[in-house]
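coordinates only, no sequence provided:
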């Protein structure tokens, strides 16, 4: 029996039903009752107060207004172990840290914070890969009451500076080098550029090999092994809405948006997602592969509160072999592995089989996000495990530090879709008039009611003008997430791509998600990106594909399929085959970047791309397009 089965049984007197659908309906219609029960059932540590919900309409979201809790107290209460494997450790033995070692490191960092003059609500930032140091640093900030933000060391200088400059942080922790794909990259110059651009940083902790960083006047540099004094953990319980970290989205214009997330909101939302929807239990061993620049790193931190062992992997997930993460899974005896849909596509494209790894009997759940998991890749994964695996795709975003739709361990899984809106999420799919769509009808994914991890706002957006314009511009009080989606006959949800990547062909607006959906079941295709290009006074559709078949016959078959499933206007005039497609660091297609190329504009937010080099190949196709 899964935890959600037990939860459903425990709440039966409240929703008076036997089905998951009745459970979900109760969770959104009686949200105060649901979230209050979830607090108790999930054993959140703190003072809940007498009221679970205060404001009933978005964009305001006020839950547990009298509550007092400590995020880090909840994370450290189970006293589970932490294992870290680095890319170069091909034995997958890694390093295991005890609960006491983690607490000691947190305490030493807090002493450093106090000595540096950091106070509650000051900002502290990191430029580190996944590892023990960044985890201890973030948890120290949670306990200290600081507002935390991070960047992965592979980010470009401008991407880091454009994010951190907004926050005016006082403390930075960074590494002078990081390893990726078997190579070491020096980041000393980046650190110096960040310190030069952000004079508010007066104290720096350096991790790794010692180097002479030119920090500038008045900046104190301390090395990790010099943090020897500690002060003990306070576990100060603060308001439910105390700001705990800022997550940045790249956006399409202006500086990246810094979403401010509340401690209680992310703790409770992650607890529901991880324990009920992903069935993570005490004693499990869990890793969601990520970098510190992706929201799934922040989601992974909350795994500590489940009582499961947190296992972290630092490095490239397919070096020296595309099956690297599954060899790591076997060696670490993982029960839950999380990764991006794109990585599964890469393994499938390689022609390799996960069965080559051998015994993966401990693994019972594969969690997937970052971009939509296609039906063909999902079916392939199930075949690799002979159907004996729980495939758990979910979809949400940095914006909410969590998900809108995703898995239910007690429901059948159908490849290509997610099993439904998560508990407490009043999700719908609507057409342009706001009417709820029927099964199979493409529409906009929206959320109609508040939930605990609605961000407090966007950093620097004092009147909430940017926040409201981003998420509530279409219908007052309704969160519009920017995803094209559809309902299925089984009650599930399919995400088809970003709805804001709209093509305008002869005055007809076409969502790229409609084209992607039409090609979902083509096994030869593992990547697809559509854009509109100015052409003869109008626009035409260009399609870029990663495919094992590049024949003219195949092209004509694809065009016929798109026409049959959508309309003649959706059929691309040109189809190009490429080796890679541009994606952001969290695996999402960067359609805007290719659209800029097609319009001879400078590429916006180039620093947010994980693989900007692939734009060169696409630009050659654009230049020679007939």
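Looks like it arrived, so ask away. Small disclaimer: the values here were computed from a predicted structure and weren't measured.

all helices for the stretch 51-200 of the chain, in order.
Counting by DSSP state H, counting those that start in this stretch, the segments of the stretch 51-200 of the chain that form helices are 71-76, 99-115, 132-144, 157-167, 188-197.

could you list the residues in contact with the first one?
Counting contacts by Cβ atoms under 8 Å, 6 or more residues apart in numbering, the residues outside helix 71-76 that touch it are 44-46, 99, 102-103, 106, 139, 142-143, 233, 235, 237, 244, 263-264, 266-267, 301-302, 304-305. The way it works is simple: take the backbone N, C-alpha and C, and place the C-beta from them, glycine included.

and if you look at the longest one?
Contact partners of helix 99-115, identified using Cβ under 8 Å, 6+ apart, comprise 72, 76, 79-82, 124, 132-133, 135-137, 139-141, 143-144, 146, 171, 203, 205, 222, 227-234.

show me which positions of it end up buried.
102-103, 105-113 (16 or more other Cβ atoms under 10 Å).

now mean pLDDT and distance to residue 35 too, for the helices of the stretch 51-200 of the chain, in JSON lines please.
JSON lines is the format used below for these (pLDDT from 0 to 100; distance: least, Cβ to Cβ, whole Å):
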{"stretch": "helix 71-76", "mean pLDDT": "98", "distance to residue 35": "16"}
{"stretch": "helix 99-115", "mean pLDDT": "96", "distance to residue 35": "29"}
{"stretch": "helix 132-144", "mean pLDDT": "97", "distance to residue 35": "21"}
{"stretch": "helix 157-167", "mean pLDDT": "89", "distance to residue 35": "30"}
{"stretch": "helix 188-197", "mean pLDDT": "94", "distance to residue 35": "39"}
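
closest to residue 274 out of the ones you listed?
The closest of the helices of the stretch 51-200 of the chain to residue 274 is helix 71-76. By Cβ to Cβ, the value is 12.0 Å.

follow-up on the earlier one: for residue 425, find the nearest of the helices of the stretch 51-200 of the chain.
Minimum separation from residue 425 across those (Cβ to Cβ) falls at helix 71-76, 21.2 Å.

next one: that closest one to chain centre, how far?
21 Å (Cα atoms, centre = their mean, to the nearest Å).

by mean pLDDT, which helix or strand of the protein comes out lowest?
strand 508-511 (a mean of 60; mean pLDDT, DSSP states H and E).

quick check: which ranges of this protein have low pLDDT?
Applying pLDDT under 70 to the chain flags residues 250-254, 497-502, 504-511, 536-538, 567, 586, 604, 624-626.

domain parsing for it?
82-226, 501-624 (automatic domain parsing).

re earlier: right, and the helix or strand after the least confident helix or strand of the chain?
Next helix or strand after strand 508-511 toward the C-terminus (DSSP states H and E): helix 512-518.

run through who's touching the helix or strand following that following helix.
Proceeding N to C from helix 512-518, the next assigned helix or strand is strand 525-535, under DSSP H and E. Applying Cβ under 8 Å, 6+ apart, the external contacts of strand 525-535 come out as 342, 345-346, 348-349, 376-377, 503-505, 512, 515-516, 519, 539-548, 572-573, 580-582, 589, 591, 594-595, 598-599, 622, 625.

thinking again about what came up before, which of the contacts of helix 71-76 count as buried?
Neighbour counting by 16+ other Cβ under 10 Å classes 44-46, 102-103, 106, 139, 142-143, 233, 235, 237, 244, 263-264, 266-267, 301-302, 304-305 among the contacts of helix 71-76 as buried.

filter those residues down to the ones in helices?
Counted as lying in helices by DSSP state H, out of the buried ones among the contacts of helix 71-76, are 102-103, 106, 139, 142-143, 263-264, 266-267, 301.

how about the residues you listed in TSV, adding distance to residue 311?
Shown next, in TSV, are these (distance: Cβ to Cβ, whole Å):
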residue	distance to residue 311
102	14
103	19
106	19
139	17
142	21
143	23
263	24
264	26
266	21
267	21
301	13
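
closest to residue 320 among these?
For those, the nearest to residue 320 is residue 301 (28.3 Å; Cβ to Cβ).

show me what contacts that closest one?
75, 135, 138-139.

and it, how far from residue 156?
25 Å (Cβ to Cβ, to the nearest Å).

what of residue 233?
Distance from residue 233 to residue 156, by Cβ to Cβ: 36 Å.

please apply the same query to residue 182.
21 Å.

comparing the two, which shows the higher neighbour count?
residue 156 (15 against 11; other Cβ atoms under 10 Å).

test my guess that that one contacts residue 607.
Yes. Contact criterion Cβ atoms under 8 Å: residue 156 and residue 607 qualify, at 4.2 Å.

kindly indicate which of the contacts of residue 301 lies nearest residue 312.
Nearest member of those to residue 312, counting by Cβ to Cβ, is residue 135, at 7.5 Å.

so how many other residues sit close to the closest one?
By other Cβ under 10 Å, neighbour count at residue 135 equals 25.

what sits against it?
Residues in contact with residue 135 (Cβ under 8 Å, 6+ apart) are 82, 102, 301, 312.

ok, the residues you listed vs residue 473, which is closest?
Minimum distance to residue 473 across the contacts of residue 135 is 31.5 Å, recorded for residue 301 (Cβ to Cβ).
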